[in-house]
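S.K.: Could you look at this predicted model? Sequence included:
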Amino acid sequence: MLFTYLVFNLGFNCNFHCKYCFRNYNDKSILPNMPTEKLKTWLKENATNYSRIAVNGGEPLLYMDAIKELFSCVPKWMDKRIITNGSLLTKDIVDYCNDNNVMVTISHDGKVTKFLRGRDVLEEKLDLIRSIKRLAFTTVISKYNINILENIKYIDYKVNRKDIIHIINNYMDNGEDDPLIKDFDYEMYRKYYTEYLETLVKNKHINIFTDRDELLGTQLLLNGDIVELQTLKRYGSIFDNEETILNNIKPDLEKCNCKYKSICTFKKQLASKHNCKMYQMTIHSKNFYKGDYNENLDKYGC
């Protein structure tokens, strides 16, 4: 199969204006606001071929009707996920998620969340968040929160649960003068990332060496169109044959010509000095635990 899981972009509308968001909220692109009948039929026939189905935005809870319509086309037991800022959670929404095997992944950046996102939902919606059966948090790393374990401990202390899944994401920067990465301490980040991996290994929480999906960064719209995550460049439709789709995507799968090319998961158009440095630090930390750490590797890759 071309994709291992399905991710749907529901729209650009959002009630937050996070400092690191790459969405252009002045973009007047009109996206389908409800699943088409053709897509719903396809999902009913094909969804179980995939490991999960997820939705994002914008803020997906602004599109709750579309979510329910989409998820109604797949079996109740199937892994379903919503990536949200959490501010619009209600008891009805939490009950729906709990009853339909939906994981709620909340974007949260530790102690600096208010600075980066404007609000801290762990202060506003804590009781509701604690009642979510399948709960995860995703954190975007900037120079203000490079201590990964500190971010996780803040969240875990607030929520007071031991079964939370944590996802770490790099900030997609706007260049070296970007205030969220200017003077970023990459060596310190490597130290913190290594400590993070050490904690995961000790607690056997995760397989840290699992590679990401090769086509990560492609998403579906509610009419079945396959698009690039940031630009919404159209590659075809989920109804096309896989060879046609892959041929359309291949030109954008080109990678930089560096010695990490064989293991890098970044597409060339997403590469930047910051992204590459962050990825090098991640590789160094993982190599340490795989037993082939080499201090003589170029510190920053390309």
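M.R.: Now that the structure is in, tell me what you want to look at. Residues are numbered from 1 along each chain as shown.
S.K.: buried stuff in stretch 221-241?
M.R.: Along stretch 221-241, these residues count as buried under the neighbour rule (16 or more other Cβ atoms under 10 Å): 221-222, 224-229, 235-238, 240. All C-beta atoms are positioned from the backbone trio N, CA, C, and that covers glycine.
S.K.: Same question for stretch 142-160.
M.R.: Within stretch 142-160, the residues that count as buried by 16+ other Cβ under 10 Å are 142-149, 151-152, 154-155, 158-159.
S.K.: and residue 55, what element?
M.R.: Element membership of residue 55, judged by DSSP states H and E, is strand 53-56.
S.K.: Tell me the strands beside that strand, with direction?
M.R.: Strands flanking strand 53-56 in the sheet, each with its direction: strand 6-9 (parallel), strand 80-84 (parallel) (DSSP bridges).
S.K.: which other residues reach whichever helix or strand comes after it?
M.R.: In the C-terminal direction, the helix or strand that comes right after strand 53-56 (DSSP H and E) is helix 64-71. Residues external to helix 64-71 that are found in contact with it (Cβ atoms under 8 Å, 6 or more residues apart in numbering): 8, 10, 33-35, 40, 43, 53, 55, 60-61, 80, 82, 93, 96, 100, 102, 222.
S.K.: where does residue 96 land on pLDDT?
M.R.: According to the predicted model, the pLDDT of residue 96 comes to 98.
S.K.: ok, how many other residues are close to it?
M.R.: 15 (other Cβ atoms under 10 Å).
S.K.: Can I get the helix or strand encompassing residue 287 as PDB, trimmed to CA atoms?
M.R.: Here residue 287, judged by DSSP H and E, is contained in helix 273-290. This file holds the C-alpha atoms of helix 273-290, laid out as PDB (Å, rounded to 0.1, in the frame of the first residue of the first chain):
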ATOM      1  CA  LYS A 273      19.800  24.600   8.500                       C
ATOM      2  CA  HIS A 274      17.800  24.300  11.700                       C
ATOM      3  CA  ASN A 275      15.900  21.200  10.600                       C
ATOM      4  CA  CYS A 276      19.000  19.500   9.500                       C
ATOM      5  CA  LYS A 277      20.900  20.300  12.700                       C
ATOM      6  CA  MET A 278      18.000  19.000  14.800                       C
ATOM      7  CA  TYR A 279      17.900  15.800  12.800                       C
ATOM      8  CA  GLN A 280      21.700  15.300  13.200                       C
ATOM      9  CA  MET A 281      21.300  15.700  17.000                       C
ATOM     10  CA  THR A 282      18.500  13.100  16.900                       C
ATOM     11  CA  ILE A 283      20.700  10.700  14.900                       C
ATOM     12  CA  HIS A 284      23.600  11.100  17.300                       C
ATOM     13  CA  SER A 285      21.500  10.400  20.300                       C
ATOM     14  CA  LYS A 286      19.900   7.300  18.700                       C
ATOM     15  CA  ASN A 287      23.200   6.000  17.600                       C
ATOM     16  CA  PHE A 288      24.400   6.200  21.200                       C
ATOM     17  CA  TYR A 289      21.800   3.700  22.200                       C
ATOM     18  CA  LYS A 290      22.300   1.500  19.100                       C
END
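S.K.: Could you list the low-confidence segments of the chain?
M.R.: For the chain, the stretches flagged by pLDDT under 70 are 1, 23-29, 201-217, 255-270, 288-302.
S.K.: all strands of the protein, in order?
M.R.: Secondary structure of the chain (DSSP state E): strands at 6-9, 53-56, 80-84, 102-107, 135-141, 165-170, 218-220, 225-228, 234-237.
S.K.: Could you export those to TSV, including columns for distance to residue 65?
M.R.: Putting the strands of the chain into TSV (distance: least, Cβ to Cβ, whole Å) gives the following:
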stretch	distance to residue 65
strand 6-9	14
strand 53-56	12
strand 80-84	13
strand 102-107	15
strand 135-141	23
strand 165-170	27
strand 218-220	18
strand 225-228	20
strand 234-237	23
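S.K.: closest to residue 22 out of those strands?
M.R.: Within those, the stretch nearest residue 22 is strand 135-141; the backing value is 10.4 Å (Cβ to Cβ).
S.K.: Identify all contacting residues around that closest one.
M.R.: Counting by Cβ under 8 Å, 6+ apart, strand 135-141 makes contact with 20, 81, 83, 103-110, 116, 129, 145, 148, 151-152, 155, 159, 161, 163-171, 189, 278, all of which sit outside it.
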